[in-house]
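[1] Predicted model, plus sequence, below.
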Amino acid sequence: MEATFLKRAFGIGEGWEYRSTKYVGATVEFHIKAKRDGIRCPKCEADHIALRGTRERRIRTVPIGFKPVTIVAHVPRCQCRKCGEFFDFSPLLPPEGDPTLIALNDSLQDSAE
Ligand SMILES: [Zn+2]
């Protein structure tokens, strides 16, 4: 249900899978995770990719009723095994600067998976 809701309400769909909903204080957090199919190096297009942890991208979006809503996108940090390039694999989210979205902060964290 939440996956459909996120897609319809916020335009988040392709490339992401829904993980969980958390209630943190008054805030509703929707956690989503980038699907790892088809990851390719943006520099040399090799598909031999090593995962180097996860970055959390927190995006505040429009409230539901009176509840603030944050979308927490878990973005894999990747390294190309061929050319060594580091990159984040972040399928399309609503664009930065979208008036319904306010990026809160980006923070590096170790992968807990
Ligand atoms: Zn590469």
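    Happy to help now that I have it. It should be emphasised that the depicted structure is a prediction, and the values quoted were computed from it without experimental measurement.

[2] where does Gly11 fall, phi/psi-wise?
    Dihedral pair for Gly11: phi 70, psi 20, per degrees, to the nearest 10.

[3] State the number of residues packed around it.
    Neighbours of Gly11 under the rule other Cβ atoms under 10 Å: 15. No exception for glycine: its C-beta is placed from N, CA and C like everyone else's.

[4] gap between Cys41 and Glu85?
    Going from Cys41 to Glu85 by Cβ to Cβ, to the nearest Å gives 6 Å.

[5] Low-confidence regions, this protein specifically.
    By pLDDT under 70, the low-scoring segments of the chain are 1, 92-113.

[6] Helices of that one, residue ranges please.
    2-10 (DSSP state H).

[7] With adjacent residues omitted, what lies nearest to the residue most central in space within it?
    Centroid check for the chain by Cα atoms, centre = their mean gives Ala73 as the closest residue, at 2.6 Å. Once flanking residues are discounted, Ala73 sits nearest to Arg57: 4.3 Å by Cβ to Cβ, 6 or more residues apart in numbering.
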